[in-house]
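Enquirer: return a 3D structure for these sequence lines:
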Amino acid sequence: MRRIWLLCLLALSGIAGGAWAMKEKPEAETALRDRLPEDEVVYFVLPDRFANGDATNDRGGMDGTALDHGYDPTHKGFYHGGDLAGLTAKLDYIEGMGVTAIWFAPIFENKPVQGAAGQESAGYHGYWVTDFTSIDPHFGTNEEFKSFVDAAHARGIKVYMDIITNHTADVIGYEEGEASGYAYRSLADYPYSRRGATDGTAINEGFLGDEIQTDENFARLTSPDFAYTPLIPDAERDVKVPAWLNDPIYYHNRGSTTFSGESSRYGDFAGLDDLYTEHPRVLEGMIDIYASWITRFGIDGFRIDTAKHVNPEFWQAFVPAMLATAEAEGIPNFLIFGEVYSDNRDSGFLARFTRRDGFPSVLDFAFQAAVRDALGRNEPAGVMVEMFDGDVNYEGGEEAARTLPTFLGNHDMGRFSTLVKADNPGISQEELLSRVSLGHAMLMTLRGNPVIYYGDEQGFVGDGNDQAAREDMFESLTDSYNDNALIGTEATTADENYDTAHPLYALIRQFAGIRSQHAALRRGKQVVRSYNDTAPGLVSFSRFDPETGGEYLLAFNTSSEAILVNSTIGYTAQSLETLSGTCPDAVSAAGSVELELPAFGWCIAQVREAAQ
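Expert: Modelled structure (predicted):
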């Protein structure tokens, strides 16, 4: 019965007959360097969990137990074996989905294992960097990375690196030890001018605080023990690369962040060593580090981790330096987008980082929250409109908002399927697939630069966020993954999951093909048409071809019931050509079109005028 139902879903979305299989892209769109950020379909992947192409590097060349090398494929918090060789070998699978850019979690060399006794986990995710200049040996070598980039570029696929400037791995401890609880110690109570407290020994004579970010001022900051006394284990005294990162003077050393107020920028994130990004040497060093990844490998963009925990002055210098480096390397559309974590529809919060900090783009957490509210929490369809109304807040306004990477779920907050399931206890697998499919229809056609989280195209449904949302695509040995019920398939994560016939893979491929053929769905201005502002139901938009001005209608039913409803449309519209979903052939009257949409259905159509 499930197989029959899946075929019905495919037919409904226009996939089963193959009418919307991938077509050749227009010649003007094939030049990788010329493509704008909004032209891309991005695939976000954790290399450790995607494909294991070389089992000889599973332990990173290290001896000992899992607590030494970090490899334990049965444990969700340790390395599982995925690597660059596997990622390269699966480029056919990725390209076949219509993906044009790959963003992967950090692959710099990490501290293999960290954490208190009994609470250890590994750096499989890449965010505990020790060597910022080299690929982690669990993933491969710098040479293999160059081969991967070249192989992706040969297929017209861009490569975005995930980078960190806020922190390094947890190496620095404090002499005060756990008795202090590593509680955050503020600038007021522990100024740079005294050791240990306001009544402590005078230190750092002449230092005028980090608001004066000059070499001359910071030359007077010589003692790092103003709040805590840094302590580095002998075995890790020289573990960081470049070497300047081993000096505790280049860290805030103020204890753990509370993720609010002053500590949000100065505190240690989950114990990780928080870099003193106000320090000119740190700024200079980070510019050198990441410029070298552009010049050595010719990558196409950076996703920047924990962006909101770094001072604005750092970004105001770092971002232009990266863009200038890329321009000099012949990469004019180098994309930089910051991670400014948020869990609500407030685009104003995200926009401040484009206006004040100078980010060209940020991950669109407001989009994610609005889609979840509409499709998971059953809020009125108009929440989507409310969110898009905030596009004027971004530096560059609505045009700039079209470059924002949009997404449904990720490795931190959890998968969209997981969130929707949590919002609707007892939901059937069929309805969950319908809601997730509609989410992808929105993601792939509404304004923004769509990001697919690896495994979503195979119907993965996790148990939660963080480690629980980072399943293996290859045959998993992790029990907490393998007992999950996936959607759209009879498979589990105990099987390898690279099924190009999976309904979600096919749906994404369909929409990627449509996007590649219709510039309005990539670069077009977006205008609100009609929406239900009191309950789930219709929300519709028009997008317009940036060259011809031709109109496209995008209509979505966020309700669990079929609807028959009118939507406004351009007054010159006469007929509609269905691109995906269920659309009428013609308008009802000038300026109005009657839509009959199934539960969680959609209509994506090209509008024809009378003269056409």
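Enquirer: C-alpha from now on. contacts and neighbour counts both.
Expert: Fine.
Enquirer: any idea how far the nearest residue to Ile569 once chain neighbours are set aside is from Glu327?
Expert: If the residues on either side of it in the chain are set aside, Ile569 comes closest to Gly591, at 4.8 Å by Cα to Cα, 6 or more residues apart in numbering. Using Cα to Cα, to the nearest Å, Gly591 is found at 45 Å from Glu327.
Enquirer: dump the residue contacts of Pro242.
Expert: By Cα atoms under 8 Å, 6 or more residues apart in numbering, the contact set of Pro242 is Asp131, Phe132, Thr133.
Enquirer: Ala369: which of those is nearest?
Expert: The nearest member of the contacts of Pro242 to Ala369, counting by Cα to Cα, is Phe132 at 32.8 Å.
Enquirer: what about the host helix or strand of that closest one, average pLDDT?
Expert: Secondary structure assignment for Phe132, by DSSP states H and E: strand 129-135. Throughout strand 129-135, pLDDT has a mean value of 98.
Enquirer: send me it as CSV with only the CA atoms.
Expert: Provided in CSV are the C-alpha atoms of strand 129-135 (Å, rounded to 0.1, in the frame of the first residue of the first chain):
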residue,chain,number,x,y,z
VAL,A,129,40.2,22.9,15.1
THR,A,130,43.8,22.6,16.1
ASP,A,131,45.5,23.0,12.7
PHE,A,132,43.8,25.6,10.5
THR,A,133,46.1,24.9,7.5
SER,A,134,45.6,21.2,7.0
ILE,A,135,42.8,18.7,6.3
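Enquirer: which elements pack onto that strand?
Expert: strand 108-110, helix 142-154 (3 or more Cα pairs under 8 Å, 6 or more residues apart in numbering; DSSP states H and E).
Enquirer: quick one: contacts for Ser559?
Expert: Contacts of Ser559 (Cα under 8 Å, 6+ apart): Asn378, Pro536, Gly537, Leu538, Ala599, Phe600.
Enquirer: per-residue confidence for it?
Expert: 98.
Enquirer: cool, and the one 5 residues further on?
Expert: We note a pLDDT of 98 for Leu564 in this prediction.
Enquirer: now the helices for the stretch 351-500 of the chain?
Expert: 365-375, 383-389, 397-401, 416-423, 429-445, 479-482 (DSSP state H, counting those that start in this stretch).
Enquirer: go through the ones you listed and pick out the most buried.
Expert: Comparing the helices of the stretch 351-500 of the chain by mean neighbour count (mean count of other Cα atoms under 10 Å), helix 365-375 ranks first with a mean of 25.
Enquirer: what about stretch 108-116, how long is it end to end?
Expert: Taking Cα to Cα, the first and last residues of stretch 108-116 lie 23 Å apart.
Enquirer: so what touches it?
Expert: So stretch 108-116 is in contact with 67-70, 120-124, 126-137, 169-170, going by Cα under 8 Å, 6+ apart.
Enquirer: let's see 7 Å
Expert: 67-70, 120-123, 126, 128-137, 169 (Cα atoms under 7 Å, 6 or more residues apart in numbering).
Enquirer: can you tell me which of these are buried?
Expert: 69-70, 121-123, 126, 128-137, 169 (16 or more other Cα atoms under 10 Å).
Enquirer: looking at the helices and strands packed on strand 129-135, which is buried most?
Expert: Mean neighbour counts were compared across the helices and strands packed on strand 129-135 using mean count of other Cα under 10 Å; the top stretch is strand 108-110, at a mean of 27.
Enquirer: give the partner strands of that one in its sheet and their orientations.
Expert: Neighbouring strands of strand 108-110 in its sheet, by DSSP bridges, are strand 129-135 (antiparallel).
Enquirer: ok and the partner strand relative to helix 142-154, angle-wise?
Expert: Interaxial angle, strand 129-135 versus helix 142-154 (axes from the mean of the first three to the mean of the last three Cα atoms, to 10 degrees): 60 degrees.
Enquirer: looks to me like Ile604 is in a strand.
Expert: Yes. Per DSSP: H, G, I helix; E, B strand; the rest coil, Ile604 lies within a strand segment.
Enquirer: from what I can see it touches Leu553, true?
Expert: Yes. The pair Ile604 / Leu553 is scored as a contact, 5.8 Å apart, by Cα atoms under 7 Å.
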